[in-house]
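Asks: pasting the sequence and the predicted model now:
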Amino acid sequence: SLTIKLPVVDLRKLPASERETEVRRLVTAEAQRPFDLSQGPLLRGTVLRLGDEEHVGLLTMHHIVSDGWSTGILVREVVTLYVSFCAGESTQLPALPIQYADFAHWQRQWLQGEVLETQIAYWRKQLAGASALIDLPTDHPRPAVQTFRGAHQSLVLPKHLQEGVKALSRREGVTQFMTLLAAFKVLLYRYTSQDDLIVGTPIANRNRLETEGLIGFFVNALVLRTDLSGNPSFREFLRRVREVCLGAYGHQDLPFDRLVEELHVRRDLNRNPLFQVMFVLQNASRRMVELPGLTLS
């Protein structure tokens, strides 16, 4: 077992108007502080005290040992232990059927030979002759070396549009992800006039029951290539997107870095290999959690 004593940073002496700014500064600094992969643990925790009854729990994990799904597991387990602690009980979390090392060993043993060749053959055929570059019109030239100094734009879609997307998806026998991806690719086509578009998307890659409760790095990147040639109707294009997604899901086990290696992709410092645009649907609910004497968000 591993015991970590969390340091506490007291911000109560700062004026209330400055605390939020300092929290953001500390969060950014912590996120940018590197881990030493040769030394464990690859997890750090800090408590920021904003007031007598308001705190920020700052938990930083290296992506090599965690993914988005893992965060949900971690929060659930912390909640379970917190409730037991408040009640003065000593609760043990249920034993896991396997550990992450077991999964890693199994994956290496399984993903070879005919299984590996089948996966590679699919992706070679699917991405043959593809151009990875999406030529979006921008107001600045592409830099020689990729940076991550960007900005973001947020908007809220009206509820009636969301309900319309759900209804259309049901009628066409597709998921909401497929419908939204199709609309996103139509938007990219309008900007680029390219009818052969490649977009990346993350997938949880937890297709075995034993992995659902594990904290670890399972997520994989899938490359979704679709063809808009022939001026298809949206329903026809949606069928094309569905076929591409289902094919990718069926061959999701090949790690993205192995795919790049197998395809001998030319590497450039100013762009990501195979795709430069990602589409992500985060459909996990965000909610307040009420605990004994504590509200967690």
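Replies: On my side now, so go ahead.
Asks: do a quick rundown of the helices in the chain.
Replies: For the chain, the helices defined by DSSP state H occupy 16-32, 68-86, 100-110, 113-126, 159-172, 176-192, 234-249, 256-262.
Asks: residues of the third one that come out buried?
Replies: Spelled out, that is helix 100-110. Residues 100, 103 are the ones in helix 100-110 that count as buried (16 or more other C-beta atoms under 10 Å). All C-beta spots, glycine's among them, are computed from the backbone N, C-alpha and C.
Asks: could you give the angle of it to helix 113-126?
Replies: Computed by axes from the mean of the first three to the mean of the last three C-alpha atoms, to 10 degrees, the angle separating helix 100-110 from helix 113-126 equals 80 degrees.
Asks: would TSV of the helices of the chain with distance to Asn283 and mean pLDDT be doable?
Replies: TSV is the format used below for the helices of the chain (distance: least, C-beta to C-beta, whole Å; pLDDT from 0 to 100):
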stretch	distance to Asn283	mean pLDDT
helix 16-32	24	94
helix 68-86	11	89
helix 100-110	24	94
helix 113-126	25	96
helix 159-172	11	96
helix 176-192	8	96
helix 234-249	15	97
helix 256-262	22	94
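Asks: wait, Val165 sits on Leu181?
Replies: No - Val165 lies out of contact with Leu181 (C-beta atoms under 8 Å); the separation is 11.3 Å.
Asks: before we move on, the earlier item: nearest to Pro141 among the helices of the chain would be which one?
Replies: helix 176-192 (16.4 Å; C-beta to C-beta).
Asks: report all helices and strands that the closest one contacts.
Replies: For helix 176-192, the elements it packs on are helix 159-172, strand 196-203, helix 234-249, judged by 3 or more C-beta pairs under 8 Å, 6 or more residues apart in numbering; DSSP states H and E.
Asks: quick one, the second one and helix 68-86 angle?
Replies: If you take the same axes, to 10 degrees, strand 196-203 sits at 20 degrees to helix 68-86.
Asks: give the buried residues for strand 196-203.
Replies: Across strand 196-203, burial judged by 16+ other C-beta under 10 Å covers 197-202.
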